[in-house]
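# quick one, fold the following:
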Amino acid sequence: MYERDRTLVTGWFSFLHGEATAGDVLALARVEQVLRDAGSAYDVVWSPGFRADGTHFADVDPAAYSRLVFVCGPVHGAQVEELHRRFAHCVRVAVGVSVLDAESPAVTGFHRVLARDGAGDGPGLDLAARAPALPAVPVVGVVLTHGQHEYGGRRRHEEVAAVLTRWLAGRDCARLELETRLDAHHWRLCGTPAQLEAVLSRLDLVVTDRLHGLVLALRAGVPALAVDPVEGGAKVTAQARACGWPALVPAERLLEASADVSADVSAEGMLERWWDWCLADGRAEAARIGAGFRAAESVPDAADGLVAALREAWESATGR
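Residues are numbered from 1 along each chain as shown. Just a heads-up that it's a prediction; the model follows:
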């Protein structure tokens with residue numbers, strides 16, 4: 001009898017150079033649910049490249065476990081075979097896996113294989129399908145520009161993008177990188193404004209340092225957290241004012257706060273303040289502004305004066 005009656009849960013998400021996919025991690029959640037309901041004590045091994053603060057194989061004492069469960073993915077290869085050698089004293093079960101070669105040592109090393117497919121029987125439901133319900137997280141479009149060299153020494157685009165993307169990486173949200181550039185021949189890009197608007201209208205929030213990232217989000221009734229990447233403010237600031245949109249952060253304030261750890265308000269705090277507002281009161285405000293854009297008595301824009309300007313210019317140029 002081993003020191004503890006404890007299960008070690010592993011999968012491709014456990015190996016040093018393994019890959020953690022959403023499906024694998026949801027399959028793991030389903031297995032954890034079953035083990036918890038059964039009152040079974042267990043630990044999960046994570047790849048240090050995916051979850052640095054988790055339990056890793058380098059930290060594991062095999063003698064602390066009497067059972068090993070391998071979750072999801074294909075059962076094949078040297079890494080799986082090494083599990084059988086290292087945990088030879090454990091009862092080993094594979095669950096929700098694909099069997100490529102039923103005679104391979106990776107497969108035959110398990111005492112039981114509860115296959116998802118490839119084992120001769122009809123395919124079974126993938127474990128991810130019945131994983132516990134997930135918490136809702138906001139879907140955030142990210143629209144950044146690395147161009148606009150016409151602003152010369154006032155450009156802070158790279159620094160702003162670095163702060164924003166580093167901050168976004170730590171937010172619990174679904175991030176969707178978007179591009180306002182249209183291309184009818186590139187499958188990753190929208191080919192028409194209607195296609196881009198269809199995406200924007202389904203988002204909870206847009207984070208952007210582009211003028212049209214701001215305007216098109218509001219047009220779709222979606223709040224935008226905007227950063228003007230030009231020191232001293234330029235067209236993003238001007239457009240936020242024209243739209244009556246308050247969620248704007250100047251580049252110099254963001255970068256100064258990022259560089260000064262003693263600042264009264266950190267860069268993260270500055271962004272989080274507008275993030276929270278956008279996902280609360282900002283929703284209604286963006287919807288109101290978007291509806292105003294579409295109203296017959298909308299706020300004026302430059303095109304309202306175009307016909308008169310053309311007539312006046314013609315008369316001036318021709319003397320008529």
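# so Glu82: helix, strand or coil?
State at Glu82, reduced to three classes by DSSP: H, G, I helix; E, B strand; the rest coil: helix.
# burial of it, as a residue count?
14 (other CB atoms under 10 Å). (C-beta placed from N, C-alpha, C; glycine too.)
# could you report the pLDDT at Ile299?
Careful, residue 299 is Val; it's not Ile. pLDDT, Val299: 78.
# host element of the residue nearest to it when sequence neighbours are not counted?
Among residues not flanking Val299 along the chain, Gly292 sits closest, at 6.6 Å (CB to CB, 6 or more residues apart in numbering). Taking DSSP states H and E as the criterion, Gly292 maps to helix 281-294.
# buried residues in that helix?
Gly282, Arg283, Glu285, Ala286, Ile289, Gly290 (16 or more other CB atoms under 10 Å).
# surely the second one meets Ala217?
The reference is to Arg283. No. At 11.7 Å, Arg283 does not count as touching Ala217 under the criterion of CB atoms under 8 Å.
# find residues that contact each of these two.
Common contact partners of Arg283 and Ala217 (CB atoms under 8 Å, 6 or more residues apart in numbering): Pro223.
# returning to what we had before: looking at the buried residues of helix 281-294, which is nearest Ala106?
Arg283 (50.7 Å; CB to CB).
# list the residues that contact that closest one.
Contacts of Arg283 (CB under 8 Å, 6+ apart): Pro223.
# which SSE is immediately downstream of the biggest strand by length in the chain?
With DSSP state E setting the assignment, residue counts place strand 91-98 as the longest strand in the chain. Next in sequence after strand 91-98, counting helices and strands by DSSP H and E, comes helix 105-108.
# about what we covered before: could you export the helix holding Gly292 as CSV, CA atoms only?
Extracted in CSV, the C-alpha atoms of helix 281-294 (Å, rounded to 0.1, in the frame of the first residue of the first chain):
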residue,chain,number,x,y,z
ASP,A,281,-22.9,52.7,-17.6
GLY,A,282,-20.9,52.9,-20.9
ARG,A,283,-23.2,50.3,-22.5
ALA,A,284,-26.2,52.5,-22.4
GLU,A,285,-24.2,55.6,-23.3
ALA,A,286,-22.7,53.9,-26.4
ALA,A,287,-26.1,52.7,-27.4
ARG,A,288,-27.5,56.2,-27.1
ILE,A,289,-24.7,57.7,-29.1
GLY,A,290,-25.0,55.0,-31.8
ALA,A,291,-28.7,55.6,-32.1
GLY,A,292,-28.0,59.4,-32.4
PHE,A,293,-25.7,58.7,-35.4
ARG,A,294,-28.5,57.0,-37.2
